[in-house]
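J.: no FASTA, just this:
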């Protein structure tokens, strides 16, 4: 069995700021330990340090057992990467190296044989390929191929040979996550590091993950913001906040109460420390005053000085971390009564024709399994529908979205300006720019905002410290918050949100819910977040049989 020991670990950011210090915890054999905390507190950084992706300059990380790692953006591999590339990236290092060498020698052998099947070059390439094939078998390659075939059959209902060369980009986000999770949970590694494993999964997929984590004998350290998944699967919680971390030995259901009690205890300890510090200081000053005219009290004055100095050197107890104060001011604006009208709309290969009317002020949750067309539907509306009205032009990058193959019509009402939040945060034009640059020198929707004003709005989203940081270097949750800020500034009157809470921490998700409640406009959100869905009043279900229907309550388990 495997385990992870983290002792006294700290990390300094490239700009010299301390991200966290003195982090210590243990992931015991078979334990399921959840990392929770605000976006940007260092959860992903901590996982990367445990995985060996980042150097450890302070503290020690000890591991036992093979290590399997699923990074936060598992599906964000290069456009030309195949399913075989993805499978190998999740394999143990020796097998990964053997697989890459096998692929390289096979390619070289085919190229040499094309020039002359019986040439010396072809013979050398054949020998290299045979040697790589032997290494592949010795490192467990054939057993891995059986596993790859099993997982491909489960996730894609096809054999491995039929899909191994399929581009990863042709799979939905949920399929990519499910494929990676099946490989890791069924694989040989005894320790798993999972960064947001539930993102892109539909609700049945999340329930599957909850069950698999509970029944697995592997030691798992994972980051998630899904409150129900955490409650169902974590047997210990490590909270990364306030520049360090603390361990709650119980599950997530009791973590909130434990955090409240811990903060009250820290407040009380700090109050007592301040009182004791004041008493020692007053005692020292008293003896100092008396020693000025009584030499016999000089030793007591020195003793009081020493006592005060040692007390101050020991330092005060930590103060509770400040709660986040995120204020999303989504304003919107009045539009026509009918915000969206769909007539016999059919998304090619995904849905049968359906009709739908969405009225100004509606809060519509779009539900359904992965791959049923929900994100395609949002993208079509984000482009202005099937017959875009220039007066209702899409805002905030939505016009750059790829076309959506369809029949039928989807029209936006008068004064409806769609603003789109992408599930994958795919905004390449922002990646190399700092947040202040995007706001200060931004597009036509944000002209006139100087640096001072930019820092002001970033402060409301708790992003002021990241103002001079490039968008591409932010955590997933920080990116999500900033993209919501761009929607706030865009003038959108129709918010099209594709899994907006996937990367948001608890405080950010609650701030988004409050912002949407105050938004004067229409909201359509694709979501698999069971908690978030409770704030909506209409539910449109994209079923697995290609039908699109409205339901009076959220429906999750569909074919």
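T.: Ah, there it is. Quantities reported herein were computed from a predicted structural model and do not represent experimental measurements.
J.: Pull out the buried positions in the longest helix seen in the chain.
T.: In the chain, taking DSSP state H as the definition, the longest helix is helix 255-291. Taking 16 or more other CB atoms under 10 Å as the basis for neighbour counts, the residues of helix 255-291 that come out buried are 255, 258-259, 266, 280, 283-284, 287-288, 291. The way it works is simple: take the backbone N, C-alpha and C, and place the C-beta from them, glycine included.
J.: Just give me the closest of those residues to residue 241.
T.: Relative to residue 241, the closest of those is residue 259; by CB to CB it sits at 8.8 Å.
J.: so where's the stretch 251-400 of the chain shaky on pLDDT?
T.: Under the criterion of pLDDT under 70, the regions of the stretch 251-400 of the chain flagged as low confidence span 389-400.
J.: and with 50 instead?
T.: Scanning the stretch 251-400 of the chain for pLDDT under 50 picks out no residues.
J.: Might you report the residue contacts of residue 499?
T.: By CB atoms under 8 Å, 6 or more residues apart in numbering, the contact set of residue 499 is 199-200, 423, 526-529.
J.: what secondary structure does the closest residue to residue 17 other than its chain neighbours sit in?
T.: Spatial nearest neighbour of residue 17, excluding adjacent residues (CB to CB, 6 or more residues apart in numbering): residue 465 at 7.8 Å. With DSSP: H, G, I helix; E, B strand; the rest coil as the basis, the three-state label of residue 465 is helix.
J.: Counting neighbours, what do you get for residue 465?
T.: Burial measure for residue 465: 13 neighbouring residues, criterion other CB atoms under 10 Å.
J.: Among the contacts of residue 499, which pair sits farthest apart?
T.: Once CB to CB is applied, these give 199 and 526 as the farthest pair, at 12.9 Å.
J.: ok, back up a step: and the buried residues of helix 255-291, which is closest to residue 405?
T.: Comparing every one of the buried residues of helix 255-291 with residue 405 (CB to CB), the shortest separation belongs to residue 255, at 45.5 Å.
J.: Please tell me how far that closest one sits from residue 249.
T.: The gap separating residue 255 from residue 249 is 10 Å, by CB to CB, to the nearest Å.
J.: before we move on, what about residue 453?
T.: With the distance defined as CB to CB, residue 453 ends up 46 Å from residue 249.
J.: what do you get for residue 511?
T.: Computed as CB to CB, the residue 511 to residue 249 distance reads 29 Å.
J.: Mind checking which of the two has more residues around it?
T.: Set side by side, residue 511 and residue 249 give different neighbour counts by other CB under 10 Å, the larger being at residue 511 (22 against 9).
J.: Tally up the residues packed near the residue nearest to that one when sequence neighbours are not counted, please.
T.: Nearest in space to residue 511, with sequence neighbours left out and distances taken as CB to CB, 6+ apart, is residue 326 at 3.9 Å. Applying the criterion other CB under 10 Å, we find 24 residues in the vicinity of residue 326.
J.: Would you mind confirming that residue 326 makes contact with residue 458?
T.: No - when contacts are counted by CB atoms under 8 Å, residue 326 is not listed as touching residue 458 (11.1 Å).
J.: quick one on the thing from earlier: downstream of the longest helix of the chain, the next helix or strand is which one?
T.: From helix 255-291 onward toward the C-terminus, using DSSP states H and E, the following helix or strand is helix 298-314.
J.: And the contacts of the following helix or strand past that next one?
T.: Beyond helix 298-314 on the C-terminal side, the first helix or strand identified by DSSP H and E is strand 338-347. Under the criterion CB under 8 Å, 6+ apart, residues 351-360, 362, 373, 376-377, 380-381, 385-386, 404-413, 416, 493-494, 521-522, 524 lie in contact with strand 338-347.
J.: Just the ones in strands from those residues, please.
T.: In strands, judged by DSSP state E, the following of the contacts of strand 338-347 are found: 354-359, 406-412, 494, 522, 524.
J.: what's the burial count for residue 52?
T.: With neighbours defined by other CB under 10 Å, the count for residue 52 comes to 12.
J.: Just want to check the distance between the residue nearest to residue 17 and residue 458.
T.: Using CB to CB, one obtains 9 Å as the distance from residue 465 to residue 458.
J.: So the residue nearest to the spatial centre of the chain: helix, strand or coil?
T.: Central residue check for the chain by CA atoms, centre = their mean: the C-alpha nearest the mean position is that of residue 503, 3.8 Å away. Reduced to three states with three-state DSSP, the structure at residue 503 is coil.
J.: Offset the numbering so it begins at 652, please.
T.: Sure, I'll start numbering at 652, so the last one becomes residue 1154.
J.: Which residue, other than its chain neighbours, is closest to it?
T.: For residue 1154, the closest residue by CB to CB, 6+ apart turns out to be residue 1127, at 3.7 Å.
J.: Next: residue 1193.
T.: residue 1019 (3.4 Å).
J.: Residue 1055 now?
T.: With sequence-adjacent residues excluded and distances taken as CB to CB, 6+ apart, residue 1055 is closest to residue 1031, at 4.3 Å.
J.: what residues are up against the one you found?
T.: By CB under 8 Å, 6+ apart, the residues touching residue 1031 are 998, 1037, 1055, 1057, 1061.
J.: quick revisit: now the ones in strands among the contacts of strand 989-998: which count as buried?
T.: In these, burial by neighbour count holds for 1005, 1007, 1009-1010, 1057, 1061-1063, 1145, 1173, 1175, counting by 16+ other CB under 10 Å.
J.: so residue 1205 sits right up against residue 1181, yeah?
T.: Yes - the pair residue 1205 / residue 1181 is scored as a contact, 7.5 Å apart, by CB under 8 Å.
J.: returning to that earlier point: out of the contacts of residue 1031, the closest to residue 773 would be?
T.: residue 1055 (47.9 Å).
J.: I'd assumed residue 1034 was in contact with that closest one.
T.: Yes - Residue 1055 is in contact with residue 1034 according to CB under 8 Å; the separation is 7.3 Å.
J.: Run through the stretch 702-851 of the chain and note the low-pLDDT ranges.
T.: For the stretch 702-851 of the chain, the stretches with pLDDT under 50 are 727-729.
J.: which stretches of it form strands?
T.: Counting by DSSP state E, counting those that start in this stretch, the stretch 702-851 of the chain has these strands, from start to end: 709-715, 718-721, 842-846.
J.: Give me the angle between the first one and strand 842-846.
T.: Note on geometry: by axes from the mean of the first three to the mean of the last three CA atoms, to 10 degrees, strand 709-715 and strand 842-846 are set 120 degrees apart in direction.
J.: Each with direction, which strands does strand 709-715 pair with?
T.: strand 654-663 (antiparallel) (DSSP bridges).
J.: Kindly report the same for the last one.
T.: Here strand 842-846 has these sheet partners by DSSP bridges: strand 718-721 (parallel), strand 870-874 (parallel).
J.: Redo those strands as JSON lines? Include distance to residue 665.
T.: Listed next are those as JSON lines, based on distance: least, CB to CB, whole Å:
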{"stretch": "strand 718-721", "distance to residue 665": "23"}
{"stretch": "strand 870-874", "distance to residue 665": "22"}
